[in-house]
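*Asks:* quick one: sequence plus predicted model below, questions after.
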Amino acid sequence: MNTSLPTPLRLYLIRHGETEWSLDRRHTGRTDIPLTTNGESEARELGQHLRDIQFAHVLTSPLKRAQQTCALVGLDQVPAMEPDLVEWDYGDYEGKQSVNIRQERPDWNVFRDGCPHGEMPTQIADRADRLLARLRTLKGNIALFSHGQFGGVLAARWIGLAVIEAQHFPLGTASISIFAFDSHHPTVPTIALWNAAAAHALWNAATAHA
């Protein structure tokens, strides 16, 4: 008789590697650009720290930069495309830098104000909540290949914060973060690891799930 308990849900959020636009700090929403050569190297390095983790599911944004990162990390599982993992739709601000947007709107904050002809905070919250509701029905380690600002929203919503609080959750390229539950309070969602890069401290990702 097997009396082992189901493996608790742990979400491994992986931001894609570097692109030309992320290097220039340009808002990259639905523009489908590839990784740079350095971004490809970042993804391969990330894979060295993730391949020993058993993942029950691997989900990726359908955008090229996330799919490339997923492929280069080299997990055993065949990834499933998850449209809700795509980046914020920046609308009229696509390809622009925040510094240039603030020349016209000095106090602009995407997490509070959204983007004209793009997604607004209520829409991005609905998308994140819809995805998290589905993920909460799963068990085990789940890899999510996604994007910077949507990743911050996902973190905020995971622990019950408003979208504006996502401004406190920046993500570097080819970084990993872990969403989990408090071991002493299994219904309390936590951020077990945030914005760890392969070059430093990423080894925690391999031990944090034990």
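*Replies:* Yes, it's here.
*Asks:* and stretch 138-157, what's buried?
*Replies:* The neighbour-count check on stretch 138-157 (16 or more other Cβ atoms under 10 Å) flags 141-157 as buried. C-beta here means a position set from N, CA and C on the backbone, and glycine is covered the same way.
*Asks:* go through those and flag which are in helices.
*Replies:* Using DSSP state H, the members of the buried residues of stretch 138-157 that fall in helices are 148-157.
*Asks:* now for those residues, which pair is the farthest apart?
*Replies:* The most widely separated members of those, counting by Cβ to Cβ, are 148 and 157 (15.3 Å).
*Asks:* what's the longest strand along the chain packed up against?
*Replies:* With secondary structure taken from DSSP state E, the chain has its longest strand at strand 189-197. Under the contact definition 3 or more Cβ pairs under 8 Å, 6 or more residues apart in numbering; DSSP states H and E, strand 189-197 sits against helix 148-158, strand 175-181, helix 203-208.
*Asks:* if we go to 6 Å?
*Replies:* Counting contacts by 3 or more Cβ pairs under 6 Å, 6 or more residues apart in numbering; DSSP states H and E, strand 189-197 is packed against strand 175-181, helix 203-208.
*Asks:* tell me the mean pLDDT for that strand?
*Replies:* Mean pLDDT, computed over strand 189-197, is 95.
*Asks:* cool, and stretch 24-31?
*Replies:* Here the average pLDDT along stretch 24-31 is 96.
*Asks:* and residue 97, backbone torsions?
*Replies:* Note on residue 97: its backbone torsions stand at phi -90, psi 150 [degrees, to the nearest 10].
*Asks:* angle of the longest strand of the chain against helix 148-158?
*Replies:* 160 degrees (axes from the mean of the first three to the mean of the last three Cα atoms, to 10 degrees).
*Asks:* which parts of strand 189-197 are buried?
*Replies:* Using 16+ other Cβ under 10 Å as the test for burial, strand 189-197 gives 189, 191-197.
*Asks:* send me that strand as PDB with only the CA atoms.
*Replies:* Below are the C-alpha coordinates for strand 189-197, written out as PDB (Å, rounded to 0.1, in the frame of the first residue of the first chain):
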ATOM      1  CA  PRO A 189       1.600  30.900  -0.400                       C
ATOM      2  CA  THR A 190       5.200  32.100  -0.200                       C
ATOM      3  CA  ILE A 191       8.000  33.300  -2.500                       C
ATOM      4  CA  ALA A 192      10.700  30.700  -1.700                       C
ATOM      5  CA  LEU A 193      13.300  32.200  -4.100                       C
ATOM      6  CA  TRP A 194      13.300  35.300  -6.200                       C
ATOM      7  CA  ASN A 195      15.300  36.500  -9.200                       C
ATOM      8  CA  ALA A 196      18.200  34.100  -8.800                       C
ATOM      9  CA  ALA A 197      20.700  34.000 -11.700                       C
END
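*Asks:* so the nearest residue to residue 74 once chain neighbours are set aside, which of the three states?
*Replies:* Once flanking residues are discounted, residue 74 sits nearest to residue 47: 4.6 Å by Cβ to Cβ, 6 or more residues apart in numbering. Of the three states, residue 47 takes helix under DSSP: H, G, I helix; E, B strand; the rest coil.
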